[in-house]
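S.K.: Requesting a structural model of the entry that follows:
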Amino acid sequence: MRHLVTVALRRATAPSAPSRREDPASALTLRGTSAGRVYTFTALAGFVRTAGASDTDEHFAVDADVCRERRLLSCADVLYASRARPSTAAVCWLTGVTAAFPGCRLAAAPLAEGGWSVLDSVSRRAVFVGLRVPGDRPLLASCLHAWLVAGHEVAVLQNIHVVHGT
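M.R.: Predicted coordinates:
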């Protein structure tokens, strides 16, 4: 699968009201904490009208486990794995995929033991995050891309969890 993804990153001001549960492949709302502040990430796959909002990140994300089109993989900002791997295998996969496609800013793989392993092109160091984010939520990678684009490091984002209700 491949998507144009839009992520809105905002400081959280109030708890989200529960609503319908979104399709994990097309919409995701996460919360995370950094330096005592709570942030909300809302990711939507597909074309979204943002009207030039300054707190949004638009990028191209590709499932590198299923996509075989080298040109799509080469132009992806985010590469993610759809198959969970043990942590050691996930780090090897991340290292290999980011070396093969240097234009990728962030790669992420769900872990068989829970959580995600993430590698960004700047730090070049794998980080384990999102213990409370299921492996069927690849838009986590897009949320983390927005975090990087906003000038933060993935390693400082804590307590990442899915908000049921967007």
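S.K.: When you work out contacts or count neighbours from here on, use the C-alpha atoms and nothing else.
M.R.: OK.
S.K.: hang on, residue 149 packs against residue 58?
M.R.: No - if you go by CA atoms under 8 Å, residue 149 and residue 58 don't touch, sitting 10.1 Å apart.
S.K.: More neighbours: which of these two?
M.R.: More crowded of residue 149 and residue 58, by other CA atoms under 10 Å: residue 58, with 20 against 13.
S.K.: ok now do residue 11, which residues does it touch?
M.R.: 37, 38, 39, 40 (CA atoms under 8 Å, 6 or more residues apart in numbering).
S.K.: how near is the second one to residue 11?
M.R.: In this structure, residue 38 lies at 6 Å from residue 11, with CA to CA, to the nearest Å as the measure.
S.K.: The third one now?
M.R.: Counting by CA to CA, the gap from residue 39 to residue 11 is 4 Å.
S.K.: So which residue is smack in the middle of this structure?
M.R.: residue 141 (1.3 Å; CA atoms, centre = their mean).
S.K.: Just read off the phi/psi values of that residue.
M.R.: phi -60, psi -40 (degrees, to the nearest 10).
S.K.: State the mean pLDDT of the longest helix belonging to the chain.
M.R.: Ranked by number of residues, the top helix in the chain under DSSP state H is helix 87-100. Taken as a whole, helix 87-100 has a mean pLDDT of 97.
S.K.: for it, which positions count as buried?
M.R.: If you call a residue buried by 16 or more other CA atoms under 10 Å, then helix 87-100 has these buried ones: 87, 90, 91, 93, 94, 95, 97, 98.
S.K.: In TSV, list these along with distance to residue 4.
M.R.: Converted to TSV, the buried residues of helix 87-100 look like this (distance: CA to CA, whole Å):
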residue	distance to residue 4
87	28
90	24
91	25
93	23
94	21
95	23
97	20
98	19
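S.K.: just the helices in the protein please.
M.R.: Assigned by DSSP H, the helices in the chain fall at 70-75, 87-100, 139-149.
S.K.: residues in contact with the first one?
M.R.: For helix 70-75, the surrounding residues in contact (CA under 8 Å, 6+ apart) are 60, 62, 64, 67, 79, 101, 102, 103, 104.
S.K.: next one: the second one
M.R.: Applying CA under 8 Å, 6+ apart, the contact partners of helix 87-100 are 79, 84, 104, 106-113, 117-119, 121, 126.
S.K.: would you put the C-alpha positions of that helix in PDB?
M.R.: In PDB, the C-alpha atoms belonging to helix 87-100 read as follows (Å, rounded to 0.1, in the frame of the first residue of the first chain):
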ATOM      1  CA  SER A  87      13.500  -6.600  17.500                       C
ATOM      2  CA  THR A  88      16.900  -7.700  16.100                       C
ATOM      3  CA  ALA A  89      15.400  -8.500  12.700                       C
ATOM      4  CA  ALA A  90      13.400  -5.200  12.700                       C
ATOM      5  CA  VAL A  91      16.600  -3.200  13.300                       C
ATOM      6  CA  CYS A  92      18.400  -5.100  10.500                       C
ATOM      7  CA  TRP A  93      15.400  -4.400   8.200                       C
ATOM      8  CA  LEU A  94      15.300  -0.700   9.100                       C
ATOM      9  CA  THR A  95      19.100  -0.400   8.400                       C
ATOM     10  CA  GLY A  96      18.800  -2.200   5.100                       C
ATOM     11  CA  VAL A  97      15.700  -0.300   3.800                       C
ATOM     12  CA  THR A  98      17.100   3.100   4.800                       C
ATOM     13  CA  ALA A  99      20.400   2.300   3.100                       C
ATOM     14  CA  ALA A 100      18.700   1.100  -0.100                       C
END
